[in-house]
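> Need the 3D shape of this:
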Amino acid sequence: MVKHPFGSSIKKYISAIDAALDIENIDSTALLAANDVKEIISTAMYDAIIDAKTNTPSTNSEEWAEVLERLCYAMAPLTLYHHFIWLQLRVSNSGITTMKGQNETTAFKYQTDEGKESLLNFYAAWTKELIDYLEEKKSIFTQWNSCTQRTETQALLIKDYREFDKIYNGEGNAAFFYRSRSIQKEIQDELVPHIGAIAETTPAATLTKLKRALVYLTLSRCIVEWDYMYIPAPVKRAINNEMSLKSGSEVQNVKERVSAKFKNIAESSINTIDLKNNADKQEADNPDDDIVITPVLASATDKHVLMM
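Numbers count the residues shown, from 1 in each chain. Here you go, the predicted structure:
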């Protein structure tokens, strides 16, 4: 059965909650968050960290303790995010109610929305820290070094979230990068016909354009296909900005509009690749006629006239 890394309290790892919140109240939600994290770092790596908590390894104990801390800091905000609705509602035999009294009342929607988004940002930041540490110590964390999540990204054209961020700054959202690996692979396979098999001889300029297309097509698809919580914060801001410019029924199409903008950027890069390839092919098939200049050979009997 799935286990979570928290002991009797989760408070140490997330400052956004009241210390009186009992871990028993969110125990099942923590297991839900665990499944999300396992998708990023693999079940084998997650289980190894949980096992190391109770069975301290005889070697590299400090590294295992450190990776456990980072896992807890990543999972705590995600747990609270999943549990958010139940922190607002009270479920009892008499029905579903919400808190309201002299000293406390239910928060406004804009406050709860900001709170939930902040939790996702904490989750993204700490997952990046967790991934960075696993990568730094991959010789110790062999479960990470050999897991599908890592080996599949090593086969991609863009191999880590830092390279992804150089093209579109996702603010270090390593969780998004690893979660999107299957979509990246699918898009990469679709783009190969534009340049042929990628090889060491592929021009650097072509690879740059191809990576740009890959990034923006990945974002374009994830915007419309994924749950909103998995989208990087900068993309959400782009969606929210677009939404502020619309009204009424137009709001329903905002995600599609932003997705289309990203797709257009990708297609622009692909078009430049195709144009360059077509020009190169045309030049190879129809080379310009060489202009041959025959040198004039002079002899001792030639007459020369010097014009003054």
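> quick one, helices of the stretch 151-300 of the chain?
161-167, 174-179, 181-191, 204-225, 233-244, 254-285 (DSSP state H, counting those that start in this stretch).
> mind putting those in a markdown table, mean pLDDT and distance to residue 125 included?
Just so you know, the C-beta spots here come from the backbone N, C-alpha and C atoms, and that holds for glycine as well. Conversion of the helices of the stretch 151-300 of the chain to a markdown table gives the following (pLDDT from 0 to 100; distance: least, Cβ to Cβ, whole Å):
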| stretch | mean pLDDT | distance to residue 125 |
| --- | --- | --- |
| helix 161-167 | 96 | 12 |
| helix 174-179 | 97 | 10 |
| helix 181-191 | 92 | 20 |
| helix 204-225 | 93 | 19 |
| helix 233-244 | 89 | 10 |
| helix 254-285 | 81 | 23 |
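> Out of those, flag the one nearest residue 7.
helix 174-179 (24.2 Å; Cβ to Cβ).
> which strands and helices sit next to the closest one?
helix 27-41, helix 109-136, helix 148-154, helix 161-167 (3 or more Cβ pairs under 8 Å, 6 or more residues apart in numbering; DSSP states H and E).
> gap between that helix and the chain center?
Put simply, helix 174-179 sits 4 Å off its chain's centre (Cα atoms, centre = their mean, to the nearest Å).
> Outside of that helix itself, list whatever touches it.
Contact partners of helix 174-179, identified using Cβ atoms under 8 Å, 6 or more residues apart in numbering, comprise 39-41, 123-124, 127-128, 131-132, 149, 153, 160-161, 164, 170, 222, 230-232.
> Please enumerate residues in contact with the helix or strand bottoming out on mean pLDDT in the chain?
Sorted by mean pLDDT, DSSP states H and E, the helices and strands of the chain end with strand 89-92, the least confident at a mean of 76. With Cβ under 8 Å, 6+ apart as the test, strand 89-92 has contacts from 96, 97, 98, 99.
> which two from these end up farthest apart in space?
Maximum pairwise distance in these, criterion Cβ to Cβ, is 12.0 Å, between 96 and 99.
> The two - which one has more neighbours?
Taking other Cβ atoms under 10 Å, residue 96 and residue 99 do not tie; residue 99 has more neighbours (12 against 8).
> I'd say residue 67 and residue 50 touch.
No - using Cβ atoms under 8 Å, residue 67 is not in contact with residue 50, being 10.9 Å away.
> Neighbour count: these two, which is higher?
Using other Cβ under 10 Å, the more surrounded residue of residue 67 and residue 50 is residue 67, with 23 against 17.
> Who are the contact partners of that one?
Residue 67 makes contact with 49, 52, 130, 133, 134, 137, 141 under the criterion Cβ under 8 Å, 6+ apart.
> How about residue 81: what's its closest non-neighbour residue?
Leaving aside its chain neighbours, residue 81 sits nearest to residue 119 (4.3 Å; criterion: Cβ to Cβ, 6 or more residues apart in numbering).
> burial measure for the one you found, as a count.
Counted by other Cβ under 10 Å, the residues lying close to residue 119 total 23.
> do the same with residue 175
Neighbours around residue 175, by other Cβ under 10 Å: 28.
> Low-confidence ranges, the stretch 51-200 of the chain, go.
For the stretch 51-200 of the chain, the stretches with pLDDT under 70 are 101, 194-200.
> and with 90 instead?
54, 56, 58, 84-113, 190-200 (pLDDT under 90).
> could you list every residue that touches residue 83?
Residue 83 neighbours (Cβ under 8 Å, 6+ apart): 25, 26, 29.
> one more time with 10 Å, if that's ok
For residue 83, the contact set (Cβ atoms under 10 Å, 6 or more residues apart in numbering) comprises 17, 21, 25, 26, 27, 28, 29, 30, 32, 33, 119.
> what separates the helix or strand hosting it from the chain centre, distance-wise?
Applying DSSP states H and E as the criterion places residue 83 in helix 61-88. Remark: helix 61-88 is offset 19 Å from the chain centroid, using Cα atoms, centre = their mean.
> gap between residue 91 and residue 97?
Look at residue 91 and residue 97: by Cβ to Cβ, to the nearest Å, they are 8 Å apart.
> picking that back up, could you export the contacts of strand 89-92 as TSV, including distance to residue 115 and secondary structure?
Output for the contacts of strand 89-92, formatted as TSV (distance: Cβ to Cβ, whole Å; DSSP: H, G, I helix; E, B strand; the rest coil):
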residue	distance to residue 115	secondary structure
96	20	strand
97	20	strand
98	15	strand
99	15	coil
